[in-house]
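> Predicted model and sequence below, questions to follow.
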Amino acid sequence: MFIAYLDQLEEDKKIVYGIHITHASVMSCYVLDRKTKHSHFVDGTEGGYTSAAKMFKTKLNPSS
């Protein structure tokens with residue numbers, strides 16, 4: 001359902017997106033200070049955001 005929504009936004013020329021679906025995820029934490037300055041990143045396994053980026057780049061430049 002969410003992908004159908006993204007597809008519709010892309011068809012309406014509002015966004016361009018890439019996606020990668022996998023069986024698991026990985027959470028990484030970047031900690032400057034445990035109490036106030038930390039970030040959490042969630043990524044997919046088996047290529048994660050880099051695989052999604054390949055799809056995105058192909059859509060932006062289909063001739064390459």
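Yep, it's here.
> And Ser64, what's its pLDDT?
Looking at Ser64, its pLDDT is 68.
> and the host helix or strand of Val42, which strands flank it?
Secondary structure assignment for Val42, by DSSP states H and E: strand 37-44. Strand pairing for strand 37-44, using DSSP bridges, gives strand 25-33 (antiparallel).
> Need the residues that contact the strand it pairs with.
Identification of contacts with strand 25-33 by C-beta atoms under 8 Å, 6 or more residues apart in numbering yields 37-45, 48. C-beta: built from backbone N, CA, C; applies to glycine.
> Make a markdown table out of these and add neighbour count, pLDDT and distance to Gly18.
A markdown table is the format used below for the contacts of strand 25-33 (neighbours: other C-beta atoms under 10 Å; pLDDT from 0 to 100; distance: C-beta to C-beta, whole Å):
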| residue | neighbour count | pLDDT | distance to Gly18 |
| --- | --- | --- | --- |
| Lys37 | 9 | 88 | 30 |
| His38 | 11 | 89 | 27 |
| Ser39 | 9 | 90 | 22 |
| His40 | 9 | 88 | 21 |
| Phe41 | 11 | 88 | 17 |
| Val42 | 10 | 91 | 16 |
| Asp43 | 15 | 94 | 13 |
| Gly44 | 18 | 93 | 12 |
| Thr45 | 11 | 94 | 16 |
| Gly48 | 17 | 92 | 11 |
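> before we move on, the earlier item: how far is the strand holding Val42 from where the chain is centred?
13 Å (C-alpha atoms, centre = their mean, to the nearest Å).
> ok so, going back, same list (the contacts of strand 25-33) but as TSV, adding distance to Ser28.
Putting the contacts of strand 25-33 into TSV (distance: C-beta to C-beta, whole Å) gives the following:
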residue	distance to Ser28
Lys37	15
His38	11
Ser39	9
His40	7
Phe41	5
Val42	8
Asp43	7
Gly44	12
Thr45	12
Gly48	11
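> Farthest pair within those residues?
Largest separation among these by C-beta to C-beta: Lys37 and Thr45, giving 27.1 Å.
> Setting the sequence-adjacent residues aside, check what's closest to the residue nearest in space to the middle of the chain.
For the chain, the residue lying nearest the average C-alpha position, counting by C-alpha atoms, centre = their mean, turns out to be Tyr49 (4.8 Å). Computed as C-beta to C-beta, 6 or more residues apart in numbering, the closest residue to Tyr49 that is not its neighbour in sequence is Asp43, at 5.5 Å.
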